[in-house]
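Asks: let's see this in three dimensions:
(2 chains)
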Amino acid sequence: MIVLKDVWKSFEEKVVLQDISTVFETGKINLVIGASGHGKSVLMRSMVGLIDIDKGSISYDNRELDFENYDQTREIRRDIGMLFQGAALFNSLSVQDNVEFPLKMFTTLTKEERLERINFCLKHVNLENANRKFPAELSGGMRKRVGIARAIALDIKYLFCDEPNSGLDPITSRVIDNLIKDITEEFNITTIINTHDMKTVFDIGDNIVFIYNGLKWWEGSKNDVKTSNNTELQNFLNASYLI
Amino acid sequence: MSIFYHFGRYLLFLRSMFSRPEKTKVYVKRLFAEMVAIGIGSLPIVILISIFQGAVTTVQTAYQLITPMIAKSTIGIIVSDSTMLELAPTITSLVLAGKIGSHIASEIGTMRINEEIDALEVMGINSAAFLGLPKILAGIIMVPILVIISIFLSEAGGIAAGHFSGALSASEFIQGARSTFKLFTLQFSLIKAFTFGFIITSISCFHGFFTKGGAIEVGESSTKAVVYSSIMILVADYILAQILLV
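Replies: As a prediction, the model looks like this:
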């Protein structure tokens, strides 16, 4: 479970996040939605400690993220897996080496055990025979899947996905959504997804947080989204041409 | 104020590297890989410039000392001492600043804009240490080795040029070089190489690490890395000479 309390962040004069408080529960897919430039990415990057917050607190199962204490932040991060918008694979490493990287860094597994784990992760994302390929040889969807495989290589507790469907066709987007859903359920992790994709919201979202102008404007379940009378949320949904 | 801000950031960047490594074995492997990239990768250019550097210095010194009043072996003294004191460490390091510096800054800069550095951080890896430390250690180790090679090849180039131009024989050159050789001159050369190795790699890592934007900014970081490394090499060259030779 991740708890955000009164999180504020500004860049010079511009306030990007204002008093954000929410709870992302374990075993659920939590979606952060909102238009571009309204603070979704800053919120996610703050949650994983890539951006210092000005005020407030972020706790991972009662362990508070302390931006002054780098070692403690690193400890929490070892429970985090993250799928970046562009997958952020290490371009000089093969698919196998990308997935093996966290295993090499943080486990004492033997080479055979590591290979077994790599194959397990790649099988989960339907990339059984891609071990020797390099990121440059992969399609956008395949890169995202390798990103997911790398994120789950260690026994993570929290999975962050920054716009996992951006740049993907609708069919591949659904594949990625289903993968994230399956992984969340199978490993009982806390998943947070930044997205614009309303199909994702209605397909896999458990808890939806709508960010507007840096504020938490609305929060509820996917069933509440359609019936909400929040004007900005309805404008956002109408713009997606889905309802 | 900007210069103090950037210098402060540079010092903080260096400090951030000194934390307990996540896995020493991985760091050691990376260190050897960087030593190969910096050392072996730079060998051809070092060989080329060193031979010509020694040859040109010999011919030009001979051109200026054509008088029966001065023994021909003096050319060997001048070429040998100027090679060890200045030409091999400084010229080699300036060339390496261009070759290694731009490579390091563009490699790390590209990783920054591709979010690979963020990915390392989110995994709980000290990205500054993981990317920077092996490169800086490799620079500190390999640049002095390259400078030693450069000294030998410059001398060889000088001997060959003296012989082929008829300015002086190999034995005259060697006699001159040996007559005033001091161990401290070589030690001074290595102190400079060690310092320059640190300057090139640390400044290049710094500029690569704090790249913001896209492909154009990676190019800018690469250029800044070469320019600032070169300036700092010249500044350090003067400071070391002032401290150790005067």
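Asks: residue A:187: how many residues sit nearby?
Replies: With neighbours defined by other CB atoms under 10 Å in any protein chain shown, the count for residue A:187 comes to 16. All C-beta spots, glycine's among them, are computed from the backbone N, C-alpha and C.
Asks: for it, which non-adjacent residue is spatially closest?
Replies: Take residue A:187 and drop its neighbours on the chain: the residue closest to it by CB to CB, 6 or more residues apart in numbering or on different chains is residue A:152, 7.0 Å away.
Asks: let me see the contact set for that neighbour.
Replies: Contact partners of residue A:152, counting by CB atoms under 8 Å, 6 or more residues apart in numbering or on different chains, are A:81, A:121, A:124, A:159, A:183, A:187.
Asks: so where's chain A shaky on pLDDT?
Replies: Counting by pLDDT under 70, chain A shows low-confidence ranges at A:241-243.
Asks: burial of residue B:61, as a residue count?
Replies: Counted by other CB under 10 Å, the residues lying close to residue B:61 total 20.
Asks: on that earlier part again, could I get the contacts of residue A:152 as TSV with secondary structure?
Replies: Written out in TSV, the entries for the contacts of residue A:152 read as follows (DSSP: H, G, I helix; E, B strand; the rest coil):
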residue	secondary structure
A:81	strand
A:121	helix
A:124	helix
A:159	strand
A:183	helix
A:187	helix
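Asks: how is residue A:57 assigned, secondary-structure-wise?
Replies: Going by three-state DSSP: residue A:57 is strand.
Asks: after the helix or strand where residue B:109 lies comes which helix or strand?
Replies: With the criterion set as DSSP states H and E, the secondary-structure element containing residue B:109 is helix B:102-113. Beyond helix B:102-113 in the direction of the C-terminus, DSSP H and E gives the next helix or strand as helix B:116-122.
Asks: quick check: chain neighbours aside, which residue is closest to residue B:47?
Replies: Closest residue in space to residue B:47, ignoring its immediate chain neighbours: residue B:153 at 6.0 Å, by CB to CB, 6+ apart.
Asks: test my guess that that neighbour contacts residue B:54.
Replies: Yes. Distance between residue B:153 and residue B:54: 6.8 Å, which falls inside the contact criterion (CB atoms under 8 Å).
Asks: look at the two and report which has more neighbours.
Replies: Taking other CB under 10 Å, residue B:153 and residue B:54 do not tie; residue B:54 has more neighbours (30 against 22).
Asks: how far away is the residue nearest to residue A:185 when sequence neighbours are not counted from chain B?
Replies: Nearest-residue entry for residue A:185: residue A:27, 7.3 Å, with adjacent residues in sequence omitted and distances by CB to CB, 6+ apart. In this structure, residue A:27 and chain B are 21 Å apart, going by CB to the nearest CB, to the nearest Å.
Asks: how about residue A:27, secondary structure?
Replies: For residue A:27, the reduced secondary structure class is coil; criterion used: three-state DSSP.
Asks: who are the contact partners of it?
Replies: Counting by CB under 8 Å, 6+ apart, residue A:27 touches A:184-185, A:188-190.
Asks: tell me which residue of chain B is furthest from the middle?
Replies: Here chain B reaches farthest from its C-alpha mean at residue B:68, the gap being 38.6 Å by CA atoms, centre = their mean.
Asks: shouldn't that one be within a strand?
Replies: No. In this structure, residue B:68 is coil, not part of a strand, as judged by three-state DSSP.
Asks: how far away is it from residue B:74?
Replies: According to CB to CB, to the nearest Å, residue B:68 and residue B:74 sit 12 Å apart.
Asks: relative to residue B:40, how far out is the nearest residue to residue A:130 once chain neighbours are set aside?
Replies: Counting by CB to CB, 6+ apart, residue A:130 lies nearest to residue A:95, which is 4.8 Å off, once chain neighbours are set aside. Using CB to CB, one obtains 28 Å as the distance from residue A:95 to residue B:40.
Asks: more neighbours: these two, which one.
Replies: Taking other CB under 10 Å, residue A:95 and residue B:40 do not tie; residue A:95 has more neighbours (26 against 10).
Asks: residue A:125 is in contact with the more buried one, correct?
Replies: No. Under the criterion of CB under 8 Å, residue A:95 makes no contact with residue A:125, lying 10.2 Å away.
Asks: tell me, what residue is most central in chain B?
Replies: With distances taken as CA atoms, centre = their mean, residue B:93 lies nearest the centre of chain B, 2.8 Å away.
Asks: quick one, what contacts it?
Replies: Here residue B:93 is in contact with B:143, B:147, B:192-193, B:196-197, B:199-200, B:233 (criterion: CB under 8 Å, 6+ apart).
Asks: what ranges do the strands span in chain A?
Replies: Ranges of strands in chain A, per DSSP state E, are A:2-11, A:14-24, A:29-33, A:55-60, A:63-64, A:80-83, A:158-162, A:190-195, A:207-212, A:215-220.
Asks: picking up where we left off before, tilt between the helix or strand harbouring the residue nearest to residue B:47 and helix B:102-113?
Replies: Per DSSP H and E, residue B:153 falls inside helix B:127-165. For helix B:127-165 and helix B:102-113, the angle between their directions (axes from the mean of the first three to the mean of the last three CA atoms, to 10 degrees) works out to 160 degrees.
Asks: just checking, what packs against the helix or strand following helix B:127-165?
Replies: The C-terminal neighbour of helix B:127-165 among helices and strands, as given by DSSP H and E, is helix B:170-179. Judged by 3 or more CB pairs under 8 Å, 6 or more residues apart in numbering or on different chains; DSSP states H and E, helix B:170-179 is in contact with helix B:73-82, helix B:127-165.
Asks: of all the residues in chain A, which ones are close to chain B?
Replies: Applying CB under 8 Å from any CB of the partner chain, we find that chain A lies next to chain B at A:45, A:48-50, A:70-71, A:74-78, A:80, A:82, A:84-86, A:88-91, A:101-102, A:104-106, A:160.
Asks: buried only: go through those residues for me.
Replies: A:45, A:48-50, A:74, A:76-78, A:80, A:82, A:84-86, A:88-90, A:101-102, A:104-106, A:160 (16 or more other CB atoms under 10 Å in any protein chain shown).
Asks: on that earlier part again, from the contacts of residue A:152, which single one is nearest chain B?
Replies: In terms of CB to the nearest CB, no member of those lies closer to chain B than residue A:81, at 8.0 Å.
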